[in-house]
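# need a 3D model of the sequence below.
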Amino acid sequence: MSATAFSLYNRAKFKIGAGQIVLGTAVLKLKLHTSASNASTFTLSLFASINNAIAATGNYPANGRSLLSMVWNTGASAKSYKLDAADIVLTASASALTNVKFATIGISAGLALCWSRLSTAQFTVTVPNTLTIQFNTLGILTLA
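Numbers count the residues shown, from 1 in each chain. Have a look, this model is predicted:
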């Protein structure tokens with residue numbers, strides 16, 4: 001399986017430029033969604049409007065997992081900067097993580113930031129396996 005890079009929602013670009021999303025200080029969360037989700041619709045602006053999140057189970061909470069250790073670093077060149085965070089490890093401990101296809105990141109207060117297709121088809125993580133979402137070495141997003 002090969003995940004796609006995270007893509008910014010159209011409205012998120014405007015909100016970053018207008019200072020309504022302050023990356024690096026906002027609490028960002030990652031949610032998992034099924035193949036029936038509208039996660040790849042670029043015109044979404046609210047985190048809650050992204051539908052068909054997977055069910056909460058084991059160590060995966062209903063509102064998604066907070067991104068930890070967020071930091072801005074120099075990117076691929078001295079003229080670019082990247083937003084990065086600690087990789088997320090989810091364990092199917094009590095029951096399976098079922099029908100996963102998309103990951104979305106948004107602000108816990110409500111704004112959608114970006115999305116990624118984790119696989120070409122939905123998949124299930126069975127007990128006691130883990131799903132690791134490893135962010136690209138170039139960061140979740142890059143400003144160049």
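# surely Ala48 touches Gly110?
Yes - Ala48 is within contact range of Gly110, at 6.4 Å (criterion: C-beta atoms under 8 Å). From N, CA and C alone the C-beta is placed, and that goes for glycine too.
# poorly predicted segments of the chain, please.
1-2, 109 (pLDDT under 70).
# all strands of it, in order?
For the chain, the strands defined by DSSP state E cover 7-8, 28-33, 65-66, 71-74, 81-84, 88-91, 97-100, 102-107, 112-117, 123-125, 130-133, 141-143.
# JSON lines for the ones you listed, including distance to Ala39 and mean neighbour count?
Shown next, in JSON lines, are the strands of the chain (distance: least, C-beta to C-beta, whole Å; neighbours: other C-beta atoms under 10 Å):
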{"stretch": "strand 7-8", "distance to Ala39": "10", "mean neighbour count": "16"}
{"stretch": "strand 28-33", "distance to Ala39": "5", "mean neighbour count": "24"}
{"stretch": "strand 65-66", "distance to Ala39": "16", "mean neighbour count": "16"}
{"stretch": "strand 71-74", "distance to Ala39": "25", "mean neighbour count": "11"}
{"stretch": "strand 81-84", "distance to Ala39": "19", "mean neighbour count": "20"}
{"stretch": "strand 88-91", "distance to Ala39": "16", "mean neighbour count": "17"}
{"stretch": "strand 97-100", "distance to Ala39": "11", "mean neighbour count": "20"}
{"stretch": "strand 102-107", "distance to Ala39": "4", "mean neighbour count": "24"}
{"stretch": "strand 112-117", "distance to Ala39": "5", "mean neighbour count": "23"}
{"stretch": "strand 123-125", "distance to Ala39": "15", "mean neighbour count": "16"}
{"stretch": "strand 130-133", "distance to Ala39": "14", "mean neighbour count": "14"}
{"stretch": "strand 141-143", "distance to Ala39": "16", "mean neighbour count": "17"}
